[in-house]
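Participant: When you get a sec, could you give me coordinates for this:
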Amino acid sequence: MEDKSLIYEQNKNLGINTIDCAKLGPSEISQQPELEVLISDPQLIEEGFFSSNFVSYSVITKPFEWKVIREFSDFVWLREITVNNFPGIFVPPLPNMKTRGSLDETTIYKRQKCLCKFMKCLISHPLILRNEHLRIFLKQSNTQSFKEYIQSVQSEKIEDISNFPSLNGKLIGDLRDHSLKVISLGNYYEKSARIMKQLKEKAYEMIQDIDQINENILNLASISKKLEDIQDAFAFTEKYKDLYKFLNTNLLQLSEVQRKKIEMVNYNLGIFFKYSSMQHTSLKRFVDNNQSYTIIFCKALIKHYESIDKTRQFFAYYNSQNLIETSRMNNYITKQSYNNFLEFTVKQAQLSNELKTIWKELLENVHLIKFI
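Facilitator: Numbers count the residues shown, from 1 in each chain. So this is what the prediction gives:
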């Protein structure tokens, strides 16, 4: 605590300043206001006994209509090189790397949806949109050429602050004391991650309950089909054949609605809360990592390092980025949460209408049979 007091006492009159750095010019994708990246068609590639299986994805960039095939390791490379090339910029997380030989359908689906969220968040930053590596990742359709490009690119972290990229050639440095805000931010992200994880688990419990209901509906449909098939046994039972036929048809329709409900809960609740937990955990690490430059600056002040000016610039920049980037991400997450739950509500209303229509049709059919 004494060390931190020393920092702010010696720099209290400096406040916010600017730091000269590299200016990153616009790119083909940064000038497109309606940019959208879609990830679809996951394909499990089986390499044989001596090689590991992996999954490939179609990555389509609109409105350019670029289409490339990428595997999960390519996304890992993209994230790593973005982190190294854009110090102090929050880069969204990727799902954990699972053993490549044990990729099941559920894992592939969840990973695909998380990759969609990763790319959507990544391209939301105007500076990252100017990244040449991102453009090539999205545009280079020749897989072999892309792999060769990956091998040729240096992925080392930029160390000289004058080479840090920005939109206008200036970085914001803040030497004011934000320690209490930073501590609060860290606690907020840590607690949020735990809550999101609990909500994810509850969502998957909900899916299991809906799946059980759906199984019961399918069993009822199977029984009604059997009843339909035996109504020809006697002349006086033939009139009930249509009743069981209608019942079977409507039960299968109900089962389809339940399937849609499972998909809705899985995506809008399960996967949403899963990725939100990952984001908040990653933001906690981001805040902690930036805060570590405070300690480095403290030691430099106490020991009177000759490179104190350079160390001060690093501290000021990362101190500023904690607030700038977390504010940006909080706004982004809030907007995405609103859109997600709006979508969830609309889907729920649509499914409710479908259920109402099916039950109404079933009752009308039963009513007609009753007076035969």
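
Participant: what's the pLDDT at Phe272?
Facilitator: At Phe272, the model reports a pLDDT of 97.

Participant: Was I right to think it contacts Glu343?
Facilitator: No: using C-beta atoms under 8 Å, Phe272 makes no contact with Glu343, being 9.7 Å away. Glycine gets a C-beta too; all of them are placed from N, C-alpha and C.

Participant: more neighbours, the two?
Facilitator: For the pair Phe272 and Glu343, the greater number of neighbours falls to Phe272 (24 against 14), based on other C-beta atoms under 10 Å.

Participant: could you check the distance from that one over to Ala22?
Facilitator: Distance, Phe272 to Ala22, by C-beta to C-beta, to the nearest Å: 37 Å.

Participant: Tell me who's in contact with the residue nearest to Thr237 when sequence neighbours are not counted.
Facilitator: Spatial nearest neighbour of Thr237, chain neighbours left out: Gln231 (4.8 Å); criterion: C-beta to C-beta, 6 or more residues apart in numbering. By C-beta atoms under 8 Å, 6 or more residues apart in numbering, Gln231 lies in contact with Thr237, Glu238, Tyr240, Lys241, Tyr244.

Participant: which of the residues you listed has the most neighbours?
Facilitator: Result: Tyr244 is most packed of those (other C-beta under 10 Å), 19 neighbours.

Participant: in which helix or strand would I find that one?
Facilitator: helix 241-265 (DSSP states H and E).

Participant: Run through the neighbouring helices and strands of that helix.
Facilitator: Helices and strands touching helix 241-265, by 3 or more C-beta pairs under 8 Å, 6 or more residues apart in numbering; DSSP states H and E, are helix 179-229, helix 308-370.

Participant: weakest of those in terms of mean pLDDT?
Facilitator: Across the helices and strands packed on helix 241-265, helix 308-370 gives the lowest mean pLDDT, at a mean of 91.

Participant: what angle sits between it and helix 179-229?
Facilitator: In terms of direction (axes from the mean of the first three to the mean of the last three C-alpha atoms, to 10 degrees), helix 308-370 departs from helix 179-229 by 20 degrees.

Participant: a markdown table please, covering the helices and strands packed on helix 241-265 and showing distance to Ser56.
Facilitator: Listed next are the helices and strands packed on helix 241-265 as a markdown table, based on distance: least, C-beta to C-beta, whole Å:
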| stretch | distance to Ser56 |
| --- | --- |
| helix 179-229 | 27 |
| helix 308-370 | 27 |
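
Participant: Spatially central residue for this protein, please.
Facilitator: Against the mean C-alpha coordinate of the chain, by C-alpha atoms, centre = their mean, the closest residue is Lys117 at 2.9 Å.

Participant: That one: which element?
Facilitator: helix 105-122.

Participant: so after that helix, what's the next helix or strand?
Facilitator: Next along from helix 105-122, by DSSP H and E: helix 132-139.

Participant: State the number of residues packed around Tyr188.
Facilitator: The number of residues packed near Tyr188 is 16, by other C-beta under 10 Å.

Participant: Same question for Ser192.
Facilitator: 18.

Participant: what's the answer for the one 3 residues further on, then?
Facilitator: By the other C-beta under 10 Å criterion, the neighbourhood of Ile195 contains 13 residues.
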